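**Q** I'll drop the sequence and a predicted model, then ask my questions.
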Amino acid sequence: MPEQLPHARHADARSPFRRLSSRYRALPLRGRRVVAGTAAGAALLLATAVITPIALQQSDTTGSAPAVQAVEETRSTVPASTVNATAVTAISATTGSVVGGSTLTVSGVDVDGVTRVVFGEQEARILSATSTEVTVAVPAASGFSPADVGIAVYADELRVDGDALSYSYDITSPVDAQMAYVFTHWDDYNLAEYGSLVDTDCANFASQSLLERGWTMDEDWWAEGTGDDFDFSKAWVSSTFFMNYVEEHPELATALDDTQRDQVKVGDIVQFDWDNSGDRDHTGIVSKVETTDAGTQVYYAGHTDDTDYRTVDEAITVIHPGASVYYWSIA
């Protein structure tokens with residue numbers, strides 16, 4: 001016999017339907033119909049009273065409450081672009097120069113909601129966006145080193161690329177070779193191939209980088225030997241003589257002043273006149289050019305007060321206030 005729940009028998013004895021059934025059997029047929037109708041109505045009302053709250057409770061716990069909550073969460077925490085199902089489907093290129101600077105198109109659905117595109121750890125600059133395409137400027141590889149990196153595409157904080165995009169940086173141009181050399185040796189001097197000059201090694205290092213870029217030594221611009229046997233021309237190691245050499249070889253570079261920063265590019269040569277005497281006191285290699293609404297910021301790398309990313313503005317306003325700066329745009 002099935003186990004009865006506690007108090008079930010007593011509850012049944014007190015049931016109004018049980019009392020009604022005994023009276024019902026004693027009534028004539030007509031009376032039975034009236035009572036039967038009344039009983040049916042009562043049963044319906046009671047069932048409705050019991051079932052309705054249960055149904056509402058079940059609906060609240062299994063359907064409508066999570067749905068409402070999900071909608072509220074979507075409105076408050078999920079970026080608006082994801083409501084439009086932002087999704088990336090393709091990129092226009094998968095390989096490029098370690099110096100970067102080329103344009104790449106990200107294609108997909110509702111990609112005008114894209115707010116960030118990151119190559120490895122390097123942020124790309126978004127140039128334009130439509131609902132189907134986002135165009136970015138490819139950033140330089142970290143340390144200008146060849147590498148395979150992932151591309152992450154974000155709509156606000158939500159990643160929308162599916163973790164399936166990658167990009168290969170490689171040495172594909174003379175300036176790539178130059179900058180890879182600069183970032184290998186800006187703080188680790190290449191003493192296996194060159195000598196170094198204490199406190200005045202800046203032009204020597206810049207010349208090394210240009211040789212890596214493809215310049216050819218001649219009778220006025222050359223170096224040989226290492227250590228104590230290191231020998232060189234004046235144009236190889238002197239900032240002022242380097243300036244004179246390049247002025248005599250316009251096929252190698254074009255002179256720019258500081259009002260022409262918008263024409264400066266990575267791999268160009270920057271020179272400083274600390275005391276505005278007309279000569280050149282320091283030489284570096286442009287390592288980054290950053291353009292914002294506030295203007296163009298130029299960064300440089302070099303030896304002698306070794307650096308990889310020092311701004312020109314810091315050099316001429318903080319380290320040497322009032323100094324002048326000039327550039328050579330390398331052909």
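**A** Received, thanks.

**Q** buried sites along stretch 227-238?
**A** 230, 232-233, 235-238 (16 or more other C-beta atoms under 10 Å). (Each C-beta comes from the backbone N, C-alpha and C, glycine too.)

**Q** out of the residues you listed, which are inside strands?
**A** Using DSSP state E, the subset of the buried residues of stretch 227-238 located in strands is residue 232.

**Q** buried ones in stretch 194-211?
**A** 194-197, 201-211.

**Q** equivalent analysis for stretch 271-282, please.
**A** Neighbour-count burial for stretch 271-282 flags 271-274, 280-282 (criterion: 16+ other C-beta under 10 Å).

**Q** just how off-centre is that stretch within its chain?
**A** Between the mean C-alpha location of stretch 271-282 and the chain-wide mean there is a distance of 38 Å, by C-alpha atoms, centre = their mean, to the nearest Å.

**Q** tell me which residues are up against that stretch.
**A** The list of residues contacting stretch 271-282 from outside it, by C-beta atoms under 8 Å, 6 or more residues apart in numbering, reads 202, 239-240, 242-243, 283-284, 302, 304, 315-316, 320, 322-328.

**Q** end to end, how far does that stretch reach?
**A** Across its full length, stretch 271-282 reaches 6 Å end to end, with C-alpha to C-alpha, to the nearest Å as the criterion.

**Q** most widely separated two among the buried residues of stretch 271-282?
**A** 271 and 274 (10.6 Å; C-beta to C-beta).

**Q** my read: residue 171 touches residue 179, true?
**A** No: Residue 171 sits out of contact with residue 179 when judged by C-beta atoms under 8 Å, with a separation of 9.4 Å.

**Q** give me the common contacts of these two.
**A** Shared contacts of residue 171 and residue 179, defined by C-beta under 8 Å, 6+ apart, are found at residue 98.

**Q** in terms of neighbours, single out the busier of these two.
**A** Set residue 171 next to residue 179 and count neighbours by other C-beta atoms under 10 Å: residue 179 wins out with 29 against 18.

**Q** need the contact list for that one.
**A** Remark: with contacts taken as C-beta under 8 Å, 6+ apart, residue 179 is in contact with 98-99, 140, 144, 209, 266-267, 285, 287.

**Q** filter those down to the ones in helices?
**A** residue 209 (DSSP state H).

**Q** turn the contacts of residue 179 into a markdown table, including pLDDT and distance to residue 226.
**A** What follows is those, written out as a markdown table (pLDDT from 0 to 100; distance: C-beta to C-beta, whole Å):
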| residue | pLDDT | distance to residue 226 |
| --- | --- | --- |
| 98 | 98 | 27 |
| 99 | 98 | 29 |
| 140 | 97 | 30 |
| 144 | 98 | 24 |
| 209 | 98 | 17 |
| 266 | 98 | 28 |
| 267 | 98 | 25 |
| 285 | 98 | 21 |
| 287 | 98 | 26 |
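
**Q** give me the number of residues near residue 128?
**A** Taking other C-beta under 10 Å as the criterion, the count of residues near residue 128 is 11.

**Q** tell me how far it lies from residue 295.
**A** For residue 128, the distance to residue 295 (C-beta to C-beta, to the nearest Å) stands at 22 Å.

**Q** try residue 248
**A** Using C-beta to C-beta, which is the criterion applied here, residue 248 is 32 Å from residue 295.

**Q** what's opposite residue 137 in the beta bridge?
**A** Following DSSP bridges, residue 137 is listed with bridge partners residue 103, residue 125.

**Q** show me what contacts it?
**A** Contact analysis of residue 137 by C-beta under 8 Å, 6+ apart lists 100-103, 124-125, 127.

**Q** and with 7 Å instead?
**A** Under the criterion of C-beta atoms under 7 Å, 6 or more residues apart in numbering, the contact partners of residue 137 comprise 101, 103, 124-125, 127.

**Q** which of these lies closest to residue 116?
**A** Within the contacts of residue 137, proximity to residue 116 (C-beta to C-beta) peaks at residue 124, which comes in at 8.0 Å.

**Q** picking that back up, which PyMOL command selects the buried ones in the contacts of stretch 271-282?
**A** Remark: buried members of the contacts of stretch 271-282, expressed as a PyMOL selection using 16+ other C-beta under 10 Å:
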select buried, resi 202+239+240+242+243+283+284+302+304+315+316+320+323+324+325+326+327+328
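
**Q** and the contacts of stretch 271-282, which of them are in strands?
**A** When DSSP E is applied, the contacts of stretch 271-282 are split such that 283-284, 302, 324-328 fall in strands.
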